[in-house]
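Asker: any chance you can model this:
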Amino acid sequence: MLLLTFLVILFGGIIRIYDAGESCPDWPKCFGTWGFDISEESQGEWYEENPDQVDSRGSSHRYTTFQIFTEWIHRFVAGIILGPMVLFNRWLASKEEQSSEVKLASSVALIIIIIQGLVGWLTVKMDNENWSVVIHLGTALLFTLSLIWIWIASMKEDGMLSNLFHFGEKDNSKWRFRLFWLTFGTLITLFSGTFVSTTPGANLSCGVNGLFDSWPLCNGHLTEKIEDVIDQSQIIHRWFVVLMQLALFWASYKIWEENSKNDSGNNLRFWIWSGTGVYFTNIIMGAFYVLSWTLDNGHIEILSLFHLLFAATSFLLLATASLILTLEEREMSHSA
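Answerer: Residues are numbered from 1 along each chain as shown. Predicted structure coming up:
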């Protein structure tokens, strides 16, 4: 299920880079059908019959079969494959002698995927408004984290959980609060980047004049006065990125300093360093995306897709570490 969920997030990114977010204007059907091979003529007829469903591009716009397919397969994997799997997993947890932790995690996953479906409907209804896409991505990441929770609880119950997922009491007491804010900050940074990528023209707001002027500077300046939050969301996103990278570097140094004389914090250090490394790599990926405009008078959109996946991976690494600390803290309080 984790792999399928990551594929759903991947498909969501592909939908965005191929400008196919509104290629199925209705939900759960697509142009009133359950398929994706919809001719331009059929699209026009459907718009005439459903004028209230015309999206932001107008009734004269036509989508290619490939664009429609990307949205269709995204819905198919999420609703027809993943959804029933989550429901079956919850039923299985209730029938078998599973721990209360596994049952709770399975219930949370089921609730989140139902909410995810409703948010998907809202996203279509709102014609992929930037804020609706942010919520859609956020629930997808929370769902992914709930599946990780199920896996950890199941492995722990079977006595098969890797030592990498054990931190210890010392790390719980010092790092649970820190990791929560690192994880939260990374999520907000990810959301701000999604806002930029789904707002028309926002990814051009710092200019396309090449190295230094467009990146790392913004229109040749280190900072700019914010007069329009939406139009200037790119520089706001960059501020978030820099602040979070500094926070992650600080955390990486602190976990090394605190555990340099012993090995008790090596597991937590692995998660923090991995999250920091992926985050830093993603900054370079973002820079390549911005600078790619000068190569062919247009961005290389596949870099934007990798930018999203790296950002999601960095968040999930830190969120998993935060989850482990929370579970261990709760386990210790129950045993006290």
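Asker: domains for this protein, by residue range?
Answerer: 1-157, 162-336 (automatic domain parsing).
Asker: include mean neighbour count and mean pLDDT when you put the ones you listed into TSV, please.
Answerer: Glycine gets a C-beta too; all of them are placed from N, C-alpha and C. TSV is the format used below for the domains of the chain (neighbours: other CB atoms under 10 Å; pLDDT from 0 to 100):
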stretch	mean neighbour count	mean pLDDT
domain 1-157	17	87
domain 162-336	17	86
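Asker: for L204, which residues are in contact?
Answerer: Taking CB atoms under 8 Å, 6 or more residues apart in numbering, we find L204 in contact with Q234.
Asker: I17 too?
Answerer: Contacts of I17 by CB under 8 Å, 6+ apart are E301, I302, S304, L305.
Asker: please name the nearest non-neighbouring residue to it.
Answerer: E301 (3.9 Å; CB to CB, 6 or more residues apart in numbering).
Asker: spell out the residue ranges of the helices in the stretch 1-150 of the chain.
Answerer: Along the stretch 1-150 of the chain, the segments classed as helices by DSSP state H, counting those that start in this stretch run 2-17, 40-49, 65-75, 83-95, 100-125, 130-157.
Asker: any chance of these in CSV, plus distance to S192?
Answerer: Putting the helices of the stretch 1-150 of the chain into CSV (distance: least, CB to CB, whole Å) gives the following:
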stretch, distance to S192
helix 2-17, 15
helix 40-49, 34
helix 65-75, 23
helix 83-95, 29
helix 100-125, 18
helix 130-157, 9
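Asker: quick one, what contacts W27?
Answerer: So, once contact is read as CB under 8 Å, 6+ apart, W27 ends up touching R75, G120, W121, V124, K125.
Asker: out of the residues you listed, which is nearest to A109?
Answerer: Nearest to A109, judged by CB to CB, of these is G120 at 16.2 Å.
Asker: wait, that closest one sits on H136?
Answerer: Yes. Using CB atoms under 8 Å, G120 is in contact with H136, at 6.3 Å.
Asker: what separation do you get for K156 and K95?
Answerer: 20 Å (CB to CB, to the nearest Å).
Asker: quick revisit: pick the one among the contacts of I17 closest to I14.
Answerer: I14 lies nearest to L305 out of the contacts of I17, by CB to CB, at 6.5 Å.
Asker: pretty sure the closest one sits against I15.
Answerer: No. Counting by CB under 8 Å, L305 sits too far from I15 to count as a contact (10.1 Å).
Asker: now do the strands in the stretch 201-336 of the chain.
Answerer: 211-212, 215-216 (DSSP state E, counting those that start in this stretch).
Asker: need the ones you listed in CSV (columns: distance to T144).
Answerer: Formatted as CSV, those follow (distance: least, CB to CB, whole Å):
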stretch, distance to T144
strand 211-212, 35
strand 215-216, 30
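Asker: ok, which of those comes nearest E129?
Answerer: strand 215-216 (27.1 Å).
Asker: name the helices or strands packed onto that closest one?
Answerer: Other elements packing on strand 215-216 under the criterion 3 or more CB pairs under 8 Å, 6 or more residues apart in numbering; DSSP states H and E are helix 266-291.
Asker: now the closest residue to W293 other than its chain neighbours: how far from S192?
Answerer: Sequence neighbours aside, V208 is the residue nearest to W293 in space, at 4.2 Å (criterion: CB to CB, 6+ apart). The spacing between V208 and S192, counted by CB to CB, is 20 Å.
Asker: contacts for stretch 249-262?
Answerer: K174, W175, R178, L182, G265, N266, L268, R269, I272, W273, T276.
Asker: would CSV of those with distance to W131 be doable?
Answerer: Below are these laid out as CSV (distance: CB to CB, whole Å):
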residue, distance to W131
K174, 36
W175, 32
R178, 29
L182, 24
G265, 39
N266, 41
L268, 34
R269, 36
I272, 31
W273, 33
T276, 29
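Asker: from the residues you listed, which two are the most distant?
Answerer: L182 and N266 (18.3 Å).
Asker: thinking again about what came up before, and which of the contacts of W27 is nearest L147?
Answerer: The closest of these, once distances to L147 are taken by CB to CB, is G120, at 17.6 Å.
Asker: so what's that closest one up against?
Answerer: With contact taken as CB under 8 Å, 6+ apart, G120 is in contact with W27, R75, A78, H136.
Asker: gap between it and T139?
Answerer: Distance from G120 to T139, by CB to CB: 9 Å.
Asker: same question, L243
Answerer: L243 is 25 Å from T139, by CB to CB.
Asker: with D228 instead?
Answerer: 28 Å.
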